[in-house]
Every structure is written in C-alpha cells, then in structure tokens.
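Undergrad: Structure of the sequence below:
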Amino acid sequence: MEHDSAPPARPPAAALHVLVRCSRCRRQYSTDGRRAGERFRCSCGTAITVPAAHPVEAAVVRCASCGAARGRAESVCRFCGAEFSLLDRNRNTLCPACAARIPDRSRFCPRCAVPIVPVRSDGSPTGWACPACGPDRRLISRSLGELGAAALECPGCTGLWLERQVFERLAATTRREQAPFARSRQAAAVPPPQHADRYRPCPECGKLMLRRNEGGRSGVLVDLCHAHGLWFDAEELDRILDWLRGGGAEAAEAARLAEERERRRAERLRRDLAEAEASQRGYGGSLADGGAPDPFVRLLEWLLGRLGGIF
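TA: Model (predicted):
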C-alpha cells in the first residue's frame with residue numbers, strides 16, 4: 001500500500017534580532033526578549049520604545065567588517081580582506097540606524113556604515129514592587145554603565161528608582177557635561193506633574209515618601225525616601241538632567257544667594273530704623289510733633305524710602 005510522503009519540513013525561519021539606538025546618547029541595545037511597543041530605560045536615563053520589526057532589504061555597499069565602501073563588482077574588501085560573500089550570510093539582525101538586514105556578526109552596517117555595538121537591555125528581576133504601578137509590577141535591575149552602579153526600573157511605566165548616592169554621582173557627571181555657554185542660558189522650569197499630592201511607598205522600606213521639588217527650582221517633583229533613595233516617574237529624570245545641563249543648579253544657587261543678600265540688607269535696614277527710633281525717643285520728641293532735628297528727619301525718611309522699595 002502506497003503512502004503519500006509528506007513534504008520535507010522547512011527549517012524554521014531565524015528570528016530577527018532588532019537593535020534600537022538611544023536618541024540621546026546613541027547607545028545601542030538588543031531587544032531580544034522584549035515585545036514591540038515595550039519601553040525600557042537607557043543607562044543615560046532616556047526612555048526607549050522597542051520598535052516593530054520592518055526590515056529593509058538593501059544591497060551590500062559597505063564592508064560589514066571594517067565599514068569601508070565596496071567597489072563595483074568587488075568580492076573581497078580591499079581594506080581588510082574580508083570576503084563579501086561570507087559577510088552576507090545570516091542576515092537576521094536589523095541595523096539600529098536604517099533598519100537594514102545585516103549579518104549577525106556585523107561590526108558595521110553594510111548599508112549605512114554605522115558601527116554595530118549593542119548591549120543587552122534586559123535586567124534581573126527583584127522582589128520590590130513599583131511605587132507607581134503597585135505590587136503586581138516588580139522592578140528590574142538595570143546597569144548604569146560608566147557610573148559602575150545599578151538602578152531599579154519598572155518595565156511597565158519606565159519609572160526609575162535610584163539610591164541617593166547614585167543620583168548625586170549622576171547629577172555631578174551631568175553638570176560637568178555643560179556646554180561653555182550653558183550658564184548664560186536660562187534653565188526653564190518645567191511644570192510639576194499631575195497628582196502632585198499623591199504619596200507613594202518606598203520600594204525598600206514601604207514607608208510613604210516625601211514629595212520634593214528637586215534642586216529647589218527645577219519644577220520636577222520627585223518622591224524621596226531619606227533612608228533609601230529617590231523615585232522618578234517616566235521622563236522626570238530626563239527633565240532634571242536637562243535642567244542640570246542648562247545650568248539650572250548654578251542659576252538656582254545664584255538666586256538663593258541673591259535672596260540671602262536681600263534678606264540681610266532688609267535686616268540691616270530694620271536694625272537701623274530701630275536705632276533711629278530709639279535715638280528719636282532720646283531727643284524727647286517724635287516725628288509726629290516735629291521734635292526731631294531736620295537731619296534726623298531726613299535720615300529717617302531715607303530709611304523708610306529704602307524699606308518701601310524692598311517690601
């Protein structure tokens with residue numbers, strides 16, 4: 001009895017490895033294990049959305065090994081000696097800059113020549129709950145790259161939890177990145193977020209955190225646990241770092257010093273006025289009955305005029 005032979009099974013198509021690039025620092029990430037539309041945070045603090053895979057089939061016009069331009073009909077790169085036929089295999093990765101399908105082991109995109117240097121985006125899960133999303137959403141551990149430290153991130157709302165010392169190091173690094181003209185620019189304050197009166201629990205100790213305008217004048221209200229760290233809602237850390245890069249901390253300190261000088265000046269004028277009134281009583285008269293000498297009246301009028309310009 002004859003049996004219909006089944007057609008040979010096709011090997012499964014290789015999964016595409018989608019690379020994505022941070023819009024601020026240009027750091028690249030592999031999104032393996034993440035869904036399109038899911039968000040995560042770059043080690044510079046910028047939120048990144050995983051794109052849908054829309055591969056572009058493009059001719060190999062550059063060497064995937066060294067990035068050099070490919071000459072017409074060349075089979076071997078004249079700069080590094082790599083064979084283009086070998087470099088053209090296993091094109092299962094998408095370039096983070098132009099979305100071209102590139103070989104999995106590419107060092108450069110053979111279409112746009114952007115260097116391919118991805119790092120993994122996934123982190124280790126923790127037992128701590130997101131202060132914003134609640135106990136059903138657990139924070140994951142994320143590396144902060146050059147800082148040699150880690151942060152906790154919510155994979156849902158992309159909020160970020162930083163220890164106080166880590167945030168201070170990040171802020172100090174950001175302030176050193178200022179352009180030479182940064183201090184001459186006015187650092188714009190951003191409006192506080194909605195529901196500013198909502199108090200959230202610290203992910204470590206569970207106590208309600210304080211709400212504080214970070215930097216005093218940034219306009220960004222963050223959640224603070226003095227014992228453990230700070231919680232930043234999505235985009236809040238970005239806004240604070242932008243404020244710092246624009247010279248916001250220096251402008252806030254200058255404003256504080258100016259206010260302190262005005263306070264001391266007003267205090268001196270109050271003290272001078274009190275001494276003048278005491279001297280007036282020593283003359284046995286008052287301004288009302290005209291008992292004070294003319295120079296004294298002029299001095300007191302001057303003091304009152306200066307006080308009126310302050311209050």
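Undergrad: Return the distance of Pro125 relative to Ala36.
TA: Counting by Cβ to Cβ, to the nearest Å, the separation of Pro125 from Ala36 is 21 Å. For every residue, glycine as well, the C-beta is placed using N, CA and C.
Undergrad: Grab the longest strand from this protein for me.
TA: Scanning the chain for the longest strand, with DSSP state E as the assignment, gives strand 134-143.
Undergrad: What would it look like as CSV? C-alpha coordinates only.
TA: Presented in CSV, the C-alpha positions along strand 134-143 are these (Å, rounded to 0.1, in the frame of the first residue of the first chain):
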residue,chain,number,x,y,z
GLY,A,134,1.6,48.7,42.7
PRO,A,135,2.6,45.3,44.0
ASP,A,136,1.7,43.5,40.7
ARG,A,137,4.6,45.1,38.9
ARG,A,138,8.1,44.2,40.0
LEU,A,139,11.2,46.3,39.4
ILE,A,140,14.1,45.0,37.5
SER,A,141,17.8,45.8,38.0
ARG,A,142,19.5,47.9,35.3
SER,A,143,23.2,48.8,34.9
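Undergrad: what helices or strands is the next helix or strand after it leaning on?
TA: The helix or strand immediately downstream of strand 134-143 is strand 150-153, counting by DSSP states H and E. Contacts defined by 3 or more Cβ pairs under 8 Å, 6 or more residues apart in numbering; DSSP states H and E place strand 150-153 against strand 39-41, strand 134-143, strand 160-163.
Undergrad: pull the CA atoms of strand 150-153 into PDB?
TA: Output of strand 150-153 as PDB, limited to C-alpha atoms (Å, rounded to 0.1, in the frame of the first residue of the first chain):
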ATOM      1  CA  ALA A 150      22.700  49.900  39.200                       C
ATOM      2  CA  ALA A 151      19.200  51.300  39.200                       C
ATOM      3  CA  LEU A 152      15.800  49.700  39.500                       C
ATOM      4  CA  GLU A 153      13.300  50.200  36.700                       C
END
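Undergrad: Fine, thanks again, bye for now.
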